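[1] Need a 3D model of the following:
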Amino acid sequence: MTMTDQAADTGASPQAAKLGGRAAGLLAVLCAAFFLDALDTSMVAVALPTIQHALDMSLSQLQWVVSGYVLGFGGFLLLGGRAADLLGRRRVFLVALVAFFLMSGLGGIAGSGEILIASRFLKGIAAGFTAPAGLAIILTSFPEGPVRNRALAIYSSTGSAGFTFGLISGGLLSEAGWRWVFIMPAIVAGLILLAAPRLIPADRRGEGRRQKMDIPGAATVTIAMLLLVYTLTEAPAAGWASARTIGSLAGVALLLTAFVLIERRHHSPHLPLSLLASWPRVRANLGAMAFVGGWASAQFMATLYMQETRGWSALATAAAFWPCGVLGLFVAPRIEKMIGRHGVQRVLVLGLLLTVAAYLLILPIGMHSGYWTALFPTFALIGIAFALCFSTLSITATTGIAPDQQGVASGLFQTSAQFGTALLVAVTTAVSQAATTPGSPAGALRGYHAGLLVPLIAVTAVLLLTLPAALRKTAPAPAQ
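    Residues are numbered from 1 along each chain as shown. Presented below is the predicted three-dimensional model:
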């Protein structure tokens, strides 16, 4: 029986959860691509000072080396997911991976800041196609139940590992020369390209692939997402009450309103609104916003604390986050058994409780707090919680989806995570700046404490929304 045949059978046996052979190879390729997407998000940050000096870039230009990638990635996830449904998941994944490879190489040989920023934006767009296509391949290749749950747990843990490894390797590679920060992802992408065509199953012809692309809907929501991510990225500098920020947010609201009207009338909508009719699915996407965005915000505050207040080097700061990536890899293979015994929502609640505990532990951090007593416990709990939460949230968000909508459902889930990151980092920055007393280490510490309340509140809210489903006496369906 092929994996495609298995996917048609949702009643997987517990023995089927033992991934091996070709299935393990497929999962390894998709995990490697997800690892690469996450790695590329964080790797560049440590090398920014070297890049600025080498290419004579202004500070405003420099931020777009990072923001350009985030803008392209977050803005095109929905389009990438729907394209995977209509054009073929394998085809979209491979073509986008080639683009990612080429843009990584272009960044490595860039002779000016403008070319580097353009390559980062285009690479972000490529990642906006590989990420939902890769997740959709998992959803359609592994049957609902133990097999898929274990695959998603392993897949999710590689994302956190990639982000953490990117921080550390970025510091090490920048010592050898900043161009290696871009060349290394190109080498990794090239290796994935060598293996992927042999391991990813061919696309099957289906009714969904014969549908026409909803061009008005796709254009409207893509422009809206690009404008939204751009606005949230620029809002802390421009001011939340500035005419520019308010005008941009009003434009986003108008575009999204137009998008909903288009989707209601189109016979083959870009984002079927029926996907939003399920409260568990909506709750999972809200959870992705709060959990992923909350951790990005907390990590931002912790980074400022270590570098600005404690005077740690960029490499030492990056290395401090190692528990976030390593511990999740050990937890991931055990999540499928936990879900089988306790249910998806109870495992999710456990992860959210660990996250709340992690933020409570770091909240009272002081001027002379030690790493092993103040930071390590938080980073260790987050490493475990990431594996628990991201896998269970993705299971909830994608269970019960028709095969021809798996790509757009994956894109919606990942868009939620990116939107949460942009929103909560912006809000956390604003709150922290408002509470900070300039020129005083103690004043900066007050700003960090205030900023850390934002992710704590966000994750606590999702925990309260999830508790009713977890406390039901009857065993809920996986997506409930």
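[2] For stretch 273-287, the averaged confidence score.
    Mean per-residue pLDDT for stretch 273-287: 93.
[3] Could you do stretch 301-308 as well?
    Rounded mean pLDDT across stretch 301-308 is 88.
[4] so what are the domain limits for the chain?
    Per the TED database, the structural domains of the chain span 21-202, 215-269, 271-472.
[5] Output those as TSV; include the columns mean neighbour count.
    C-betas here are computed from N, CA, C, even on glycine. Below are these laid out as TSV (neighbours: other CB atoms under 10 Å):
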stretch	mean neighbour count
domain 21-202	22
domain 215-269	17
domain 271-472	20
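[6] Show me the shaky parts of the stretch 101-250 of the chain.
    Confidence mapping of the stretch 101-250 of the chain against pLDDT under 70 gives the ranges 205-211.
[7] which helices and strands does the host helix or strand of I382 pack with?
    Per DSSP states H and E: I382 is located in helix 376-398. Identification of packing neighbours for helix 376-398 by 3 or more CB pairs under 8 Å, 6 or more residues apart in numbering; DSSP states H and E yields helix 113-141, helix 146-176, helix 279-304, helix 322-342, helix 344-362, helix 406-435.
[8] Which one, of those, ends up nearest to G247?
    helix 406-435 (16.4 Å; CB to CB).
[9] and the angle from that closest one to helix 113-141?
    On the basis of axes from the mean of the first three to the mean of the last three CA atoms, to 10 degrees, helix 406-435 is oriented at 130 degrees to helix 113-141.
[10] Check which helices and strands the next helix or strand after helix 406-435 sits against.
    Later in the chain than helix 406-435, the nearest helix or strand by DSSP H and E is helix 441-470. On a contact count with 3+ CB pairs under 8 Å, 6+ apart, helix 441-470 meets helix 279-304, helix 344-362, helix 406-435.
[11] Can you check what angle separates the last one from helix 279-304?
    Helix 406-435 and helix 279-304 meet at an angle of 40 degrees, taking the same axes, to 10 degrees as the criterion.
[12] 37 is where my numbering starts, stick with that
    In the new count, where the first residue is 37, that last one comes out as helix 442-471.
[13] longest helix of the chain?
    helix 57-91 (DSSP state H).
[14] so after it, what's the next helix or strand?
    helix 95-123.
[15] got the angle for that next one vs helix 149-177?
    Using the same axes, to 10 degrees: helix 95-123 against helix 149-177 is 30 degrees.
[16] who does helix 95-123 touch, helix- and strand-wise?
    In this structure, helix 95-123 makes packing contacts with helix 57-91, helix 125-145, helix 149-177, helix 251-274, helix 442-471, judged by 3+ CB pairs under 8 Å, 6+ apart.
[17] Next one, pLDDT for the nearest residue in space to V490 that is not next to it in sequence please.
    In this structure, V490 finds its nearest non-sequential neighbour in T464, 4.4 Å apart by CB to CB, 6 or more residues apart in numbering. At T464, the pLDDT value in this model is 90.
[18] looking at it, T464 is touching F336, isn't it?
    Yes. Using CB atoms under 8 Å, T464 is in contact with F336, at 6.6 Å.
[19] Which residues are in contact with each of these two?
    G487 (CB atoms under 8 Å, 6 or more residues apart in numbering).
[20] picking that back up, out of the helices and strands packed on helix 95-123, flag the one nearest V183.
    Nearest to V183 among the helices and strands packed on helix 95-123 is helix 57-91; the distance by CB to CB comes to 8.1 Å.
[21] And that closest one, how far out from the chain middle?
    Its chain's average C-alpha position is 12 Å from that of helix 57-91, according to CA atoms, centre = their mean, to the nearest Å.
[22] cool, and stretch 177-191?
    Relative to the centre of its chain, stretch 177-191 is centred 18 Å away, using CA atoms, centre = their mean.
[23] Equivalent analysis for stretch 150-161, please.
    For stretch 150-161, the distance to the chain centre is 19 Å (CA atoms, centre = their mean).
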